[in-house]
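Trainee: Predicted model follows, preceded by the sequence.
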Amino acid sequence: MIVKGEVEKVVNNGLGIIRDKNMGVIFIPFALKGELLEVEVTKRGKSFSYGEIKKILNPSRERLEPICPYFGECGGCHFLNTTYQNEIIIKIEILKDLWRKKLDKIEVIKSPRELNYRIRARFHVENGLLGFFKRKTNTLISISNCPLLHERINDSLPFLKNSENFQKIKEITVITNGSEILTDPPIKNSSKRYLELNLERFTNIISPHTFSQANPYAIKAFLPELKKLLEKEDRILEFHAGNGLFSVELAKSTQYVASVESNPISKEFFFLNMKKNKIVNFKFYSATDKKWIKEHSKREISFNKIFLDPPRSGISPWLRNYILNSKFEKIFYLSCNISTQKRDVESFLKGGYKIERVFILDFFPRTHHVESFFVLSR
Ligand SMILES: C[S@@+](CC[C@H](N)C(=O)[O-])C[C@H]1O[C@@H](n2cnc3c(N)ncnc32)[C@H](O)[C@@H]1O
């Protein structure tokens, strides 16, 4: 079925919406605000449907020719069809819209690099080819270059494909610090498990074996802002610490940080991070939030602020209750999922907190992903 309509706005997940009098709301990928489109409805639902652009009858003035031949086919990018400035405007509108206009001011920390910023990638491998999955499928698109990947990763692709054990693997994680490359699984006999990444304010230990942030340029832009929010006498409790990227900044700028992380492999890299940066005012707990709350929360010294950086699912009910009962002065909440973050922040608002500052940290330029950082106080 073909529908004609004007795109009202772009919403979460980077989808444009058209309201049709018969079909209701139709979500359309790669559609930009104000565009007049001919849309093929691909999935019809009771209250909303999905469609694909068939023809752009009147393009947005912000529309650009994508620089990547795989754009639209590959599921990785969403905004290579518009300017970076417009992408930022779209992301602000997405966050405002989700909060039903309740956020007064959204501050934005843009990524100093809008392309070639990813120092970490996970590729699928099939029949000697390497790439990403085609949008909405498990079909491989073989790539030789991706405009979001750091040049060093793009340059390494032929070498990866020619490596001895390439034929045996199904997936490979590749990281770089700008000069060296490291992979999981390893592609040559190397016992190296991590790389040192220069973040200007300190050196960060990154590994293909555990989570690490993909965009060091945006992190470098964020760290001085984070420092400004901290005070020398603060005692910080940090959950979801990973390898200790933010823990180093939290410890450097305050009296003390206690960091909790559930992935046992992260422990090794966390301690290396602290050692490398000569950090001593910290404690590390290899535990889930639930376990830490049960076993350690009563024995620890008191904290005045808490820093959260959970996975996409947001924080657990145990952690939410613990925070509400602990009455921290401030909550710092970094998230890669604005919907679960909203759920959690709303529970803190009901518990007496107010929103002090809201940031979009553009960790993922040219994709629909919105990373947001809330500072709450009571
Ligand atoms: C988005 S990552 C952030 C890591 C780190 N802050 C960084 O920026 O590199 C989320 C982290 O939360 C950890 N995590 C997931 N569930 C957890 C839980 N229930 N308790 C503690 N940590 C958890 C994951 O292992 C992961 O390292």
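Mentor: Done, it's in. Numbers count the residues shown, from 1 in each chain.
Trainee: Could you check how far stretch 268-280 is from the centre of its chain?
Mentor: 24 Å (CA atoms, centre = their mean, to the nearest Å).
Trainee: Contacts for that stretch next, please.
Mentor: 193-194, 196, 202-207, 210, 241-245, 247-248, 251-252, 259, 261, 282, 284 (CB atoms under 8 Å, 6 or more residues apart in numbering). (Glycine included, C-beta is placed from N, CA and C.)
Trainee: List the buried residues of it.
Mentor: Buried residues in stretch 268-280, counted by 16 or more other CB atoms under 10 Å: 268-274, 277, 279.
Trainee: Same check on stretch 244-256?
Mentor: Burial within stretch 244-256, assessed by neighbour count using 16+ other CB under 10 Å, is assigned to 244-254, 256.
Trainee: Can you name the residues that contact Glu114?
Mentor: By CB under 8 Å, 6+ apart, the neighbours of Glu114 are 84, 365-366.
Trainee: For the stretch 251-378 of the chain, which segments count as strands?
Mentor: 256-261, 282-286, 305-308, 330-335, 354-361, 371-377 (DSSP state E, counting those that start in this stretch).
Trainee: next one: the stretch 51-200 of the chain
Mentor: 107-109, 120-126, 129-133, 140-142, 171-176, 181-184, 195-198.
Trainee: and the residue of the stretch 201-350 of the chain found nearest the ligand, what pLDDT?
Mentor: When scored by CB to the nearest ligand atom, the stretch 201-350 of the chain has Gly242 as its residue closest to the ligand, at 2.7 Å. Gly242 carries a pLDDT value of 98.
Trainee: what's the neighbour count on it?
Mentor: 22 (other CB atoms under 10 Å).
Trainee: is it true that it lies in a helix?
Mentor: No: counting by DSSP: H, G, I helix; E, B strand; the rest coil, Gly242 is not found in a helix; it is coil.
Trainee: need the contact list for it.
Mentor: 210-212, 261, 263, 266, 270, 309.
Trainee: which of those residues has the most neighbours?
Mentor: Neighbour counts for the contacts of Gly242 (other CB under 10 Å) peak at Glu261, which has 27 neighbours.
Trainee: Can you get me a residue count around Leu36?
Mentor: What Leu36 shows, counting by other CB under 10 Å, is a neighbour count of 15.
Trainee: Leaving out sequence neighbours, find the closest residue to it.
Mentor: Leaving aside its chain neighbours, Leu36 sits nearest to Asn58 (3.8 Å; criterion: CB to CB, 6 or more residues apart in numbering).
Trainee: returning to that earlier point: against His209, how distant is the residue of the stretch 201-350 of the chain closest to the ligand?
Mentor: Per CB to CB, to the nearest Å, Gly242 is found 12 Å from His209.
Trainee: What of Lys327?
Mentor: Counting by CB to CB, the gap from Lys327 to His209 is 37 Å.
Trainee: got it, and Thr340?
Mentor: 26 Å.
Trainee: If you count surrounding residues, which of those two has more?
Mentor: Per other CB under 10 Å, whichever of Thr340 and His209 has more neighbours is His209, with 19 against 16.
Trainee: show me what contacts that one?
Mentor: Counted by CB under 8 Å, 6+ apart, His209 has contacts 184, 193, 265.
Trainee: go on, Val10?
Mentor: 16-17, 31-33, 90, 93-94.
Trainee: One more pass at 6 Å, please.
Mentor: 16, 33, 90 (CB atoms under 6 Å, 6 or more residues apart in numbering).
Trainee: what pLDDT does the last one get?
Mentor: Looking at Ile90, its pLDDT is 98.
Trainee: Read off the pLDDT value for the closest residue to it other than its chain neighbours.
Mentor: Excluding the flanking residues, the one nearest Ile90 by CB to CB, 6+ apart is Val10, at 4.8 Å. Model confidence at Val10, given as pLDDT, is 97.
Trainee: what does Gly351 give?
Mentor: 97.
Trainee: Verify the stated contact: it with Leu324.
Mentor: Yes: between Gly351 and Leu324 a contact is recorded at 4.3 Å, counting by CB atoms under 6 Å.
Trainee: give me the number of residues near the nearest residue to Phe269 once chain neighbours are set aside?
Mentor: Spatially, and ignoring its direct neighbours in sequence, Phe269 is nearest to Asn243 (3.9 Å; CB to CB, 6+ apart). By other CB under 10 Å, 28 other residues sit near Asn243.
Trainee: What separation is there between Asn243 and Ile206?
Mentor: According to CB to CB, Asn243 and Ile206 sit 7 Å apart.
Trainee: related to what we said a few turns ago, check contacts around the residue nearest to Phe269.
Mentor: The contact partners of Asn243, by CB under 6 Å, 6+ apart, come to 205, 210, 266, 269-270, 273.
Trainee: if you set the cut-off to 8 Å instead, what comes out?
Mentor: Asn243 neighbours (CB under 8 Å, 6+ apart): 204-207, 210-212, 266, 269-270, 273.
Trainee: and those residues near the ligand, which?
Mentor: Among these, the residues within reach of the ligand (CB under 6 Å from any ligand atom) are 211-212, 266.
Trainee: Out of the residues you listed, which sit inside helices?
Mentor: Mapping those onto helices (DSSP state H) picks out Ser266.
Trainee: Turn the ones next to the ligand among the contacts of Asn243 into a markdown table, including distance to Val3.
Mentor: Output for those, formatted as a markdown table (distance: CB to CB, whole Å):
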| residue | distance to Val3 |
| --- | --- |
| Phe211 | 41 |
| Ser212 | 43 |
| Ser266 | 48 |
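Trainee: what's the nearest residue to Gly16 if we skip its chain neighbours?
Mentor: Ala31 (2.7 Å).
Trainee: The strands of the stretch 251-378 of the chain into a markdown table, with extra columns for distance to Glu65?
Mentor: A markdown table is the format used below for these (distance: least, CB to CB, whole Å):
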| stretch | distance to Glu65 |
| --- | --- |
| strand 256-261 | 43 |
| strand 282-286 | 49 |
| strand 305-308 | 40 |
| strand 330-335 | 33 |
| strand 354-361 | 26 |
| strand 371-377 | 27 |
